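K.L.:
Quick check, what structure comes out for this input:
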Amino acid sequence: MAIYVDADACPVKSEVEKVGTRHGLQMFIVSNGGLRPSQNPLVETVIVPDGPDVADMWIAERAGQGDVVITGDIPLAARCVEAGAQVLKHNGEALTAANIGNVLATRDLMTDLRAADPFRQGGGRGFTKADRSRFLDALERTIRAAKRL
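P.N.:
You can find the predicted model right below:
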(Lines give C-alpha, C1' and ligand atoms only; values in the text may rest on other atoms or scores of the structure.)
Protein backbone atom coordinates (compact mmCIF):
# COMPACT_ATOMS: atom_id res chain seq x y z
CA MET A 1 0.00 0.00 0.00
CA ALA A 2 1.31 3.43 -0.97
CA ILE A 3 0.06 6.99 -1.29
CA TYR A 4 0.53 8.82 -4.60
CA VAL A 5 0.17 12.61 -4.66
CA ASP A 6 -0.32 14.57 -7.86
CA ALA A 7 1.70 17.37 -6.30
CA ASP A 8 1.50 20.19 -8.86
CA ALA A 9 -0.80 22.77 -7.20
CA CYS A 10 -1.65 20.36 -4.36
CA PRO A 11 -2.50 22.29 -1.17
CA VAL A 12 -2.39 19.25 1.16
CA LYS A 13 1.09 17.75 0.69
CA SER A 14 2.11 18.32 4.32
CA GLU A 15 -1.14 16.77 5.57
CA VAL A 16 -0.55 13.68 3.43
CA GLU A 17 2.97 13.36 4.82
CA LYS A 18 1.75 13.68 8.41
CA VAL A 19 -1.01 11.06 8.08
CA GLY A 20 1.04 8.74 5.85
CA THR A 21 3.94 8.80 8.31
CA ARG A 22 1.62 7.98 11.21
CA HIS A 23 0.54 4.87 9.29
CA GLY A 24 4.07 4.01 8.12
CA LEU A 25 3.17 4.22 4.42
CA GLN A 26 5.44 4.88 1.46
CA MET A 27 4.46 8.18 -0.21
CA PHE A 28 5.28 9.37 -3.71
CA ILE A 29 5.07 13.12 -4.29
CA VAL A 30 4.99 13.46 -8.08
CA SER A 31 5.50 16.74 -9.96
CA ASN A 32 7.27 18.47 -12.83
CA GLY A 33 9.67 20.10 -10.35
CA GLY A 34 9.81 23.10 -8.10
CA LEU A 35 9.21 21.17 -4.89
CA ARG A 36 11.51 20.96 -1.92
CA PRO A 37 12.23 17.28 -1.21
CA SER A 38 11.11 16.00 2.17
CA GLN A 39 13.66 14.64 4.63
CA ASN A 40 11.14 11.96 5.63
CA PRO A 41 12.47 8.53 4.58
CA LEU A 42 8.91 7.42 3.73
CA VAL A 43 8.50 10.22 1.18
CA GLU A 44 9.95 9.89 -2.30
CA THR A 45 9.88 13.04 -4.39
CA VAL A 46 9.47 12.08 -8.03
CA ILE A 47 10.34 14.71 -10.62
CA VAL A 48 8.99 13.82 -14.06
CA PRO A 49 9.96 15.49 -17.35
CA ASP A 50 8.01 18.53 -18.49
CA GLY A 51 5.08 17.74 -20.70
CA PRO A 52 1.34 17.45 -20.60
CA ASP A 53 0.07 14.86 -18.13
CA VAL A 54 3.51 13.25 -17.55
CA ALA A 55 3.00 13.22 -13.76
CA ASP A 56 -0.50 11.82 -14.25
CA MET A 57 0.81 9.02 -16.45
CA TRP A 58 3.52 8.15 -13.90
CA ILE A 59 0.92 7.81 -11.14
CA ALA A 60 -1.64 5.97 -13.28
CA GLU A 61 0.94 3.38 -14.35
CA ARG A 62 1.71 2.50 -10.72
CA ALA A 63 -1.39 3.06 -8.56
CA GLY A 64 -3.56 0.02 -8.01
CA GLN A 65 -5.59 -2.02 -5.57
CA GLY A 66 -5.08 -0.84 -2.00
CA ASP A 67 -3.22 2.36 -2.92
CA VAL A 68 -4.45 5.87 -2.19
CA VAL A 69 -4.20 8.64 -4.79
CA ILE A 70 -4.56 12.35 -4.01
CA THR A 71 -5.45 14.44 -7.06
CA GLY A 72 -7.71 17.14 -8.40
CA ASP A 73 -7.23 15.84 -11.93
CA ILE A 74 -10.45 14.05 -12.88
CA PRO A 75 -9.14 11.99 -15.84
CA LEU A 76 -6.27 10.75 -13.65
CA ALA A 77 -8.75 9.94 -10.89
CA ALA A 78 -10.84 7.93 -13.34
CA ARG A 79 -7.84 5.84 -14.40
CA CYS A 80 -6.84 5.21 -10.78
CA VAL A 81 -10.39 4.26 -9.70
CA GLU A 82 -10.51 1.83 -12.62
CA ALA A 83 -7.22 0.30 -11.38
CA GLY A 84 -8.71 -0.23 -7.91
CA ALA A 85 -7.08 2.66 -6.04
CA GLN A 86 -8.86 4.82 -3.48
CA VAL A 87 -8.94 8.42 -4.77
CA LEU A 88 -9.41 11.65 -2.84
CA LYS A 89 -9.65 15.21 -4.08
CA HIS A 90 -7.85 17.93 -2.10
CA ASN A 91 -11.07 18.86 -0.28
CA GLY A 92 -11.61 15.29 0.96
CA GLU A 93 -14.20 14.32 -1.63
CA ALA A 94 -13.87 10.63 -2.50
CA LEU A 95 -13.93 9.71 -6.18
CA THR A 96 -15.28 6.18 -6.56
CA ALA A 97 -16.59 3.83 -9.20
CA ALA A 98 -20.08 5.00 -8.21
CA ASN A 99 -19.48 8.72 -8.88
CA ILE A 100 -16.49 9.09 -11.21
CA GLY A 101 -18.62 8.89 -14.37
CA ASN A 102 -20.79 11.82 -13.28
CA VAL A 103 -17.79 13.84 -12.12
CA LEU A 104 -16.01 13.24 -15.43
CA ALA A 105 -19.13 14.20 -17.43
CA THR A 106 -19.54 17.40 -15.40
CA ARG A 107 -15.90 18.29 -15.98
CA ASP A 108 -16.29 17.78 -19.72
CA LEU A 109 -19.49 19.87 -19.77
CA MET A 110 -17.81 22.73 -17.90
CA THR A 111 -14.86 22.60 -20.31
CA ASP A 112 -17.28 22.94 -23.23
CA LEU A 113 -19.13 25.82 -21.56
CA ARG A 114 -15.89 27.70 -20.91
CA ALA A 115 -14.81 27.16 -24.51
CA ALA A 116 -18.14 28.50 -25.80
CA ASP A 117 -17.91 31.68 -23.68
CA PRO A 118 -14.37 33.10 -23.62
CA PHE A 119 -15.48 35.86 -21.22
CA ARG A 120 -16.68 33.41 -18.58
CA GLN A 121 -14.52 33.91 -15.49
CA GLY A 122 -13.51 31.29 -12.93
CA GLY A 123 -16.40 30.41 -10.71
CA GLY A 124 -14.28 28.26 -8.40
CA ARG A 125 -13.90 28.99 -4.73
CA GLY A 126 -10.74 29.14 -2.66
CA PHE A 127 -9.34 26.35 -0.51
CA THR A 128 -10.54 26.80 3.09
CA LYS A 129 -9.62 25.56 6.55
CA ALA A 130 -12.81 23.50 6.46
CA ASP A 131 -11.61 21.85 3.22
CA ARG A 132 -8.28 21.02 4.87
CA SER A 133 -10.03 19.54 7.90
CA ARG A 134 -12.38 17.48 5.69
CA PHE A 135 -9.38 16.23 3.74
CA LEU A 136 -7.52 15.11 6.88
CA ASP A 137 -10.57 13.23 8.14
CA ALA A 138 -11.24 11.65 4.74
CA LEU A 139 -7.60 10.60 4.31
CA GLU A 140 -7.53 8.94 7.72
CA ARG A 141 -10.78 7.04 6.98
CA THR A 142 -9.59 6.07 3.48
CA ILE A 143 -6.27 4.69 4.72
CA ARG A 144 -7.99 2.67 7.43
CA ALA A 145 -10.46 1.26 4.88
CA ALA A 146 -7.68 0.46 2.39
CA LYS A 147 -5.74 -1.41 5.09
CA ARG A 148 -8.77 -3.65 5.60
CA LEU A 149 -8.86 -4.65 1.90
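
K.L.:
what about the closest residue in space to residue 147 that isn't next to it in sequence, how many residues close to it?
P.N.:
Once flanking residues are discounted, residue 147 sits nearest to residue 1: 6.8 Å by C-beta to C-beta, 6 or more residues apart in numbering. Just so you know, the C-beta spots here come from the backbone N, C-alpha and C atoms, and that holds for glycine as well. Using other C-beta atoms under 10 Å, residue 1 is surrounded by 17 other residues.

K.L.:
which ones are touching residue 1?
P.N.:
Taking C-beta atoms under 8 Å, 6 or more residues apart in numbering, we find residue 1 in contact with 25, 26, 66, 67, 68, 146, 147.

K.L.:
Give the rounded mean pLDDT of whatever helix or strand the last one lives in.
P.N.:
Counting by DSSP states H and E, the secondary-structure element that holds residue 147 is helix 129-148. What helix 129-148 shows for mean pLDDT is 93.

K.L.:
If you count neighbours, what's buried in that helix?
P.N.:
For helix 129-148, burial by neighbour count (16 or more other C-beta atoms under 10 Å) applies to 131, 132, 134, 135, 136, 138, 139, 142, 143, 146.

K.L.:
out of these, who's nearest residue 62?
P.N.:
Nearest to residue 62 out of those is residue 146 (C-beta to C-beta; 15.3 Å).
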